[in-house]
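Q: Provide a 3D model corresponding to the input given below.
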Amino acid sequence: MDTLTPSHMLEISHLHYRYPDGREALRDINLRVNPGEKVALIGANGAGKSTLLLHLNGILNGAGSLRVAGLDLSPANLPRVRALVGMVFQSPDDQLFCPTVFEDVAYGPIYQGLDEKEVEQRVREALQAVGMAEFTQRASYHLSIGEKKRIALATVLSMQPAVLALDEPSAGLDPRARRELLHLLAEMPQTMLVATHDLALARDLLPRTVLLYKGQVIADGPTPQILENEQLLLENGL
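A: Got it, this is the predicted structure:
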């Protein structure tokens, strides 16, 4: 593999993944992402978008190599890599399981072994960043889907990640909640990979787009260039 240069936040080389049932989900994925880049992953259902995201912090482990901020994704580095990559799942209910919002957002910093004062500061800062500072003692399961998505984002921001990996962040949101989420994400400084069917979100938020089809990268370039290529989208299930 090529030597990683400091300009790369993510480097994925020759990544293959096959599910236990034999289905090949990723085929020779090669992708480099620079610090601060915001990248859309688009493609039809089954294209491999979510599978690729799940490799970024070792939830799935295929053949090939992956580096985050110069760290190889290996068993020895896994805790450090997971601290660097904040994964936000499509359903916030997959991330929110504690009795209160505070406990949900504090879970990651506590797991990192931080002291109580630092945990409280991280929670306050993360909730402030997503506009949910007044919700610390609320029960997450009583919140709206838009509020839950903000809290789910706060749960990863509290770990101060360098990379945000978001799976269908606008799914299920009403127009107002969607606008608020896009505005929030636009202000985030982190490197971003966003798997989405929402092509308008890609157009408005993510300057670079990677098109996947049947586990392969079909196109990678400026978002307007890819989204304006109607033939390319139609040929690849969009």
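Q: how about the strands in this protein?
A: 10-18, 24-33, 38-42, 63-68, 71-72, 85-88, 163-167, 191-195, 208-213, 216-222 (DSSP state E).
Q: Quick check: which of those strands is nearest to G108?
A: Judged by CB to CB, the one of the strands of the chain that comes nearest to G108 is strand 85-88, at 8.6 Å. The C-beta positions use only the backbone N, C-alpha and C, and glycine is treated the same way.
Q: Show me what the closest one is packed against.
A: Strand 85-88 sits against helix 145-157, strand 163-167, with contacts defined as 3 or more CB pairs under 8 Å, 6 or more residues apart in numbering; DSSP states H and E.
Q: To L10, which of these lies closest?
A: Nearest of the helices and strands packed on strand 85-88 to L10, taken as CB to CB: strand 163-167 at 6.7 Å.
Q: Could you list every helix and strand that that closest one packs against?
A: On a contact count with 3+ CB pairs under 8 Å, 6+ apart, strand 163-167 meets helix 49-55, strand 85-88, strand 191-195.
Q: just the CA coordinates of that strand, formatted as PDB?
A: Once non-C-alpha atoms are left out, strand 163-167 reads as follows in PDB (Å, rounded to 0.1, in the frame of the first residue of the first chain):
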ATOM      1  CA  VAL A 163     -14.600  11.800  11.400                       C
ATOM      2  CA  LEU A 164     -18.400  11.700  11.300                       C
ATOM      3  CA  ALA A 165     -19.900   8.700   9.500                       C
ATOM      4  CA  LEU A 166     -23.600   9.200   9.000                       C
ATOM      5  CA  ASP A 167     -26.100   6.700   7.600                       C
END
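Q: Please enumerate residues in contact with that strand?
A: With contacts defined as CB atoms under 8 Å, 6 or more residues apart in numbering, strand 163-167 is touched by 9-10, 49-50, 53, 56-57, 68, 84-90, 153, 156, 185, 188, 190-196.
Q: circling back to that earlier point, can the helices and strands packed on strand 163-167 go into JSON lines with extra columns for mean pLDDT?
A: Shown next, in JSON lines, are those (pLDDT from 0 to 100):
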{"stretch": "helix 49-55", "mean pLDDT": "96"}
{"stretch": "strand 85-88", "mean pLDDT": "94"}
{"stretch": "strand 191-195", "mean pLDDT": "97"}
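Q: Now render these as CSV, adding mean neighbour count.
A: Formatted as CSV, the helices and strands packed on strand 163-167 follow (neighbours: other CB atoms under 10 Å):
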stretch, mean neighbour count
helix 49-55, 23
strand 85-88, 24
strand 191-195, 25
